[in-house]
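1. mind looking at a prediction? Sequence and model below.
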Amino acid sequence: MTTRDSAPIGSPCWADLWTSDVEGSRKFYGELFGWEAQEPSPEFGGYFMFTRNGVPTAGGMGDMGDMPANNLWKVYLATDDIAKTVETAEANGAQVISPAMPVADLGIQATLNDPTGAHHGAWQPGTFLGFTVLNEHGFPSWFELHTRDHAAAVAFYRTVYRWDTNTLGDSDEFRYTTMRDPEGKGDLAGIMDARAFLPDAVPAQWSIYWEVDQTDATVAMVKALGGSVVMDPQDTPFGRLATVLDPAGAQFKLRTSNS
């Protein structure tokens, strides 16, 4: 288990689910991960928090007015100056979807598409810091961008979010770059060259891996709860991984870390 008081600048600091089935999602993730779904907040358009053992794990919300939910998990990256981040992102080819907007005293958020098309959020924390627990059952374990333009993505996140990067592989078979923890405690996120396997109809996208005690048992539970499997559990150098869909169609990943 990893605990922290704040997320390093540029690193994934929060995730939320835009779901077409709010009640179904609240029940599904509660049974799957042992999350408790807090009451929706009318002040924030029905946004609600998932917690585990009293610790925030993720956010969620349903349709927003005339905009139907697209059943997508969104990853937020931490910034200490969101106005500069948005300005720099736009200057480096990003599309600003929602400009910087205060969320009460919790922080300031913006949403963007990076130059390769991957949707993500930026978060400048106020009283809400985001994830404070990682790498424990039901909490985040890893974050990963799949893109068809690896070089452009790496350049963007280095410039806009000040990533210090490390190249794990640079061949057509495996091209992968990570964000180094500025405190020297390993890596915090990855960018994969996905040209070989990302379907044409699927845009570049950020993924979140949730840590689970047993990947196979959790996949079985996903199916029992009405979800489906995209990638069966498989052993990798980074743990036992699987990709699944919740009953509404939102994709996420599971990871049991190597001991």
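-> It's in.
2. drop to CA atoms for contacts and neighbour counts, all remaining ones
-> OK.
3. tell me the pLDDT of residue 259.
-> Residue 259 is assigned a pLDDT of 68 by the prediction.
4. start at 150, not 1
-> In the new count, where the first residue is 150, that last one comes out as residue 408.
5. all helices for the stretch 300-408 of the chain, in order.
-> 364-373 (DSSP state H, counting those that start in this stretch).
6. where in it is pLDDT low?
-> Counting by pLDDT under 70, the ranges of the stretch 300-408 of the chain that qualify are 408.
7. quick check: beta-bridge partners of residue 190?
-> For residue 190, the beta-bridge partners are residue 196 (DSSP bridges).
8. chain neighbours aside, what residue packs nearest to residue 297?
-> The spatially closest residue to residue 297, leaving aside those adjacent along the chain, is residue 344, at 4.6 Å (CA to CA, 6 or more residues apart in numbering).
9. you'd agree the one you found is up against residue 296?
-> Yes. Look at residue 344 against residue 296 with CA atoms under 8 Å: they come within range, at 6.9 Å.
10. in terms of neighbours, single out the busier of these two.
-> residue 296 (23 against 15; other CA atoms under 10 Å).
11. now the nearest residue to residue 318 once chain neighbours are set aside: how far from residue 398?
-> Excluding its sequence neighbours, the residue lying closest to residue 318 (CA to CA, 6+ apart) is residue 324, at 4.7 Å. According to CA to CA, to the nearest Å, residue 324 and residue 398 sit 28 Å apart.
12. which pLDDT value goes with the residue positioned nearest the centre of the chain?
-> When CA atoms, centre = their mean is applied to the chain, the residue found nearest the centroid is residue 224 (3.2 Å). Residue 224 carries a pLDDT score of 98 in this model.
13. can you confirm it is in a strand?
-> Yes. Applying DSSP: H, G, I helix; E, B strand; the rest coil, one finds residue 224 inside a strand.
14. now do the same contact list for residue 356.
-> 222, 224, 292, 293, 294, 295, 401, 402 (CA atoms under 8 Å, 6 or more residues apart in numbering).
15. and with 10 Å instead?
-> 164, 221-224, 291-295, 338-339, 392, 400-402 (CA atoms under 10 Å, 6 or more residues apart in numbering).
16. spit out the residues that contact residue 344 and residue 296 alike.
-> Jointly contacting residue 344 and residue 296 under the rule CA under 10 Å, 6+ apart are residue 353.
17. mind checking which helix or strand residue 178 is in?
-> helix 171-182 (DSSP states H and E).
18. and the next element down the chain from that helix?
-> Using DSSP H and E, the helix or strand that follows helix 171-182 towards the C-terminus is strand 185-186.
19. kindly provide the whole-number mean pLDDT of that next one.
-> Confidence over strand 185-186 (mean pLDDT, whole number) is 98.
20. which elements pack onto that strand?
-> Strand 185-186 is packed against helix 171-182, strand 197-201, strand 204-210, with contacts defined by 3 or more CA pairs under 10 Å, 6 or more residues apart in numbering; DSSP states H and E.
21. who touches it?
-> With CA under 10 Å, 6+ apart as the test, strand 185-186 has contacts from 172, 174-176, 178-179, 197-209.
22. got a PyMOL select line for the buried ones in those?
-> In PyMOL, this line selects whichever of the contacts of strand 185-186 come out buried by 16 or more other CA atoms under 10 Å:
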select buried, resi 174+175+178+179+197+198+199+200+201+204+205+206+207+208+209
